[in-house]
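Q: What would the 3D arrangement of this be:
(one chain, ligands or ions: 2)
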Amino acid sequence: MATLKETLFKKIQEHRPRTTRLVKEFGDVKLGEVTISQAIGGARGVKCLVTDISYLDPMEGIRFRGMTIPETFAALPKVPGCEYPYVEGFWYLLLTGEVPTMEQTLQVVEDFKARAEVPRYVIDLLRTMPRDTHPMTMFSSAILAMQRESIFAKKYAEGMSKMDYWDPMYEDCCNLMAKLPEIAAYIYRMKYKGDTPIASNKDLDMGGNFAHMMGIAKPYDDVARMYFILHSDHESGNVSAHTTHLVASALSDAYYSLSAGINGLAGPLHGLANQEVLGWTQDFMNKLGGKVPTEEELKKALWDTLNSGQVIPGYGHAVLRKTDPRYTSQMEFCQKNLPDYPLFKLVNMIYKVAPGVLMEHGKAKNPWPNVDAQSGVIQWYYGLTEYDFYTVLFGVGRALGVLANITWDRALGYAIERPKSVTTAMLEEAAGITKKAASN
Ligand SMILES: CC(=O)SCCNC(=O)CCNC(=O)[C@H](O)C(C)(C)COP(=O)(O)OP(=O)(O)OC[C@H]1O[C@@H](n2cnc3c(N)ncnc32)[C@H](O)[C@@H]1OP(=O)(O)O
Ligand SMILES: O=C([O-])CC(=O)C(=O)O
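A: Ligands and ions are numbered 1, 2, ... in the order given. The predicted structure follows:
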């Protein structure tokens, strides 16, 4: 049986001529034009990135390697006795575009186990940080600290051929991916559970071992598998994926690149929104003295947030124009496993009320919920109430997508990223407001 790495190399060799041909023969074909609002407004909708790992349709939501979320969950081999698939099998799918067999999946499970040991100096570093440091700062620092392990950086310094870049990049990405769950769980137990880390159990798969190291009983293993897969990838223009890709485009290794991407994920308009959702909901409940709110009270709280110039966390999206299928997938999990949980009922009430409020407010292009509006409830239900940790969970999941992406970036020889900037005066000239732009 071919290994994941051998299958990946075969796929890379098959793919390379497609990219070469597009650049050589069709390099001048236009994909669109760029407007002034796009230049000022965060390049929204500008088609200038290429990835085959996932694609985001504004109405349908994400497809991983062409498969919707339900299709992905149905297709991948499942951990015996569990409802969700092996995260390791999903890694195989993201990298190769092929659904692995159980045998191929178990080979990745074993491979990750062999790579999983976290260096002692990472633990030492985490322990020197003040305990009130945000867990995302700890997580990103741990990743960055491991840069000295980079095989890519070592091979590059030795003078590696461009054609071989993908190989040490793949090795670094697998080494990192295998270690992240233990680093995350260590941060959690050190920071929030009286400094009581739980040793890894080598008999378990990634999701099972993560739940074990977090100290949370079944079915949290399935929650972890679902969560990591759902949060993995959202094509490559989102802040964490784009940052990881950008930094890696300078041939910075996977450690530098992922740490940078994780720093982007830590922003409240991106991954940190899942922490913000719980913060907003808890504040609201506290103000009501814990009683069940009416729709009118909820509507007023939403308007108060908007009128004070803040965003409603968990709602809106830069690309999506419908309810995020990652929200729906988690909602279905809740309907099955925690239908009567008060916090779930409140989140459902927000889903009923917030889109109308946002539409009336008239600013957000998408009034529907994104993934972050639903994820915290599940964590809270299973006892993970320390909501400033939620983005670290997101980070472990997001690593799957962004690391698969940068492995392929190096395989296909994508260039150093360097879009062009213009001055405001040049925009005014383009708009016909002024005659000639100043030189700067
Ligand atoms: C995993 C993820 O990253 S999913 C996103 C997580 N983030 C959140 O949930 C935070 C809340 N949402 C938002 O801030 C935004 O919807 C974003 C950042 C996700 C997308 O931003 P954009 O693409 O710029 O959204 P859009 O084009 O709809 O913005 C237009 C206006 O509506 C506002 N708007 C968008 N969403 C919201 C919201 N949820 N609440 C209030 N106002 C909003 C924007 O702030 C912007 O206002 P402005 O014109 O005063 O600058
Ligand atoms: O796609 C985006 O811009 C944000 C998002 O939902 C993600 O990164 O998961």
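Q: Give me the residues contacting stretch 350-362.
A: Under the contact criterion Cβ atoms under 8 Å, 6 or more residues apart in numbering, stretch 350-362 has outside partners 281, 295, 298-299, 302-303, 306, 312, 314-316, 331, 364, 367-369, 373. Any C-beta I mention is one placed from the backbone N, CA and C, and that applies to glycine too.
Q: Considering only those, which also neighbour ligand 1?
A: Of the residues in the contacts of stretch 350-362, proximity to ligand 1 by Cβ under 6 Å from any ligand atom holds for 306, 312, 314, 315, 316, 364.
Q: Contact partners for whatever residue of the chain ends up closest to ligand 1?
A: Distance from ligand 1 to each residue of the chain (Cβ to the nearest ligand atom) is smallest for residue 316, at 2.2 Å. Going by Cβ under 8 Å, 6+ apart, residue 316 touches 358, 364, 365, 366, 367, 368, 370.
Q: From residue 297, how far out is the spatially closest residue to residue 273 that is not a sequence neighbour?
A: With sequence-adjacent residues excluded and distances taken as Cβ to Cβ, 6 or more residues apart in numbering, residue 273 is closest to residue 372, at 4.1 Å. From residue 372 across to residue 297, the span is 22 Å (Cβ to Cβ, to the nearest Å).
Q: same deal with residue 190?
A: Using Cβ to Cβ, residue 190 is found at 39 Å from residue 297.
Q: neighbour count winner among these two?
A: Taking other Cβ atoms under 10 Å, residue 190 and residue 297 do not tie; residue 190 has more neighbours (19 against 16).
Q: The chain - how does it break down into domains?
A: 88-269+400-411, 273-381 (automatic domain parsing).
Q: and the lowest-mean-pLDDT helix or strand in the chain, which residues are buried?
A: Here the helix or strand of the chain ranked lowest by mean pLDDT, DSSP states H and E is helix 273-287, holding a mean of 92. Using 16 or more other Cβ atoms under 10 Å as the test for burial, helix 273-287 gives 273, 274, 275, 276, 277, 278, 279, 280, 281, 284, 285.
Q: With stretch 106-116 instead?
A: Those would be 106, 107, 108, 109, 111, 112, 113, 116, for stretch 106-116 by 16+ other Cβ under 10 Å.
Q: returning to what we had before: I'd like the ones next to ligand 1 among the contacts of stretch 350-362 laid out as a markdown table, including secondary structure and distance to residue 429.
A: Listed next are these as a markdown table, based on DSSP: H, G, I helix; E, B strand; the rest coil; distance: Cβ to Cβ, whole Å:
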| residue | secondary structure | distance to residue 429 |
| --- | --- | --- |
| 306 | helix | 37 |
| 312 | coil | 38 |
| 314 | coil | 41 |
| 315 | strand | 38 |
| 316 | coil | 33 |
| 364 | coil | 32 |
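Q: what secondary structure does residue 109 sit in?
A: Three-state assignment for residue 109 (DSSP: H, G, I helix; E, B strand; the rest coil): helix.
Q: Surely it and residue 204 touch.
A: No: proximity of residue 109 to residue 204 does not meet the contact threshold set by Cβ atoms under 8 Å, at 9.1 Å.
Q: for residue 1, what are its contacts?
A: Taking Cβ under 8 Å, 6+ apart, we find residue 1 in contact with 103, 104, 107.
Q: out of the residues you listed, who's nearest residue 137?
A: Among those, residue 107 lies closest to residue 137 (Cβ to Cβ), at 35.1 Å.
Q: Check the contacts of stretch 350-362 for burial and list the buried ones.
A: 281, 298-299, 302, 306, 312, 314-316, 331, 364, 367-369, 373.
Q: Skip the chain neighbours and tell me the closest residue to residue 172.
A: In space, residue 172 is closest to residue 254, 4.0 Å off (Cβ to Cβ, 6+ apart).
Q: how far away is that neighbour from residue 372?
A: Relative to residue 372, and taking Cβ to Cβ, residue 254 is found at 26 Å.
Q: sorry, back to before: residues in contact with the residue nearest to residue 172?
A: Contacts were defined as Cβ under 8 Å, 6+ apart; by that measure residue 254 touches 150, 152, 169, 172, 173, 176, 248, 403, 406.
Q: Can you verify my assumption that the third one contacts residue 406?
A: Yes: using Cβ under 8 Å, residue 169 and residue 406 qualify as a contacting pair, with a distance of 6.3 Å.
Q: which residues do these two both contact?
A: Contact criterion Cβ under 8 Å, 6+ apart; residues shared by residue 169 and residue 406: 248, 254.
Q: higher neighbour count, these two?
A: The neighbour comparison of residue 169 against residue 406 (other Cβ under 10 Å) goes to residue 406, with 29 against 26.
Q: and the more buried one, how far is that from residue 47?
A: 20 Å.
Q: is the helix or strand harbouring residue 410 anywhere near ligand 2?
A: Element membership of residue 410 [criterion: DSSP states H and E] is helix 390-411. No: Helix 390-411 lies apart from ligand 2 when judged by Cβ under 6 Å from any ligand atom; the minimum separation is 7.3 Å.
Q: Would you mind extracting the C-alpha trace of that helix into PDB?
A: Once non-C-alpha atoms are left out, helix 390-411 reads as follows in PDB (Å, rounded to 0.1, in the frame of the first residue of the first chain):
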ATOM      1  CA  TYR A 390     -12.200  28.500  22.100                       C
ATOM      2  CA  THR A 391     -10.000  30.100  19.400                       C
ATOM      3  CA  VAL A 392      -7.200  27.700  20.300                       C
ATOM      4  CA  LEU A 393      -9.600  24.800  19.300                       C
ATOM      5  CA  PHE A 394     -10.300  26.700  16.100                       C
ATOM      6  CA  GLY A 395      -6.500  27.000  15.600                       C
ATOM      7  CA  VAL A 396      -5.900  23.300  15.800                       C
ATOM      8  CA  GLY A 397      -8.600  22.700  13.300                       C
ATOM      9  CA  ARG A 398      -7.500  25.500  11.000                       C
ATOM     10  CA  ALA A 399      -3.900  24.200  10.900                       C
ATOM     11  CA  LEU A 400      -5.200  21.200   8.900                       C
ATOM     12  CA  GLY A 401      -6.300  23.400   6.100                       C
ATOM     13  CA  VAL A 402      -3.500  26.000   6.000                       C
ATOM     14  CA  LEU A 403      -0.800  23.400   6.300                       C
ATOM     15  CA  ALA A 404      -2.200  21.300   3.500                       C
ATOM     16  CA  ASN A 405      -2.300  24.500   1.500                       C
ATOM     17  CA  ILE A 406       1.300  25.500   2.000                       C
ATOM     18  CA  THR A 407       2.500  22.000   1.200                       C
ATOM     19  CA  TRP A 408       0.800  22.400  -2.200                       C
ATOM     20  CA  ASP A 409       2.000  26.000  -2.500                       C
ATOM     21  CA  ARG A 410       5.600  24.700  -2.500                       C
ATOM     22  CA  ALA A 411       4.700  21.700  -4.700                       C
END
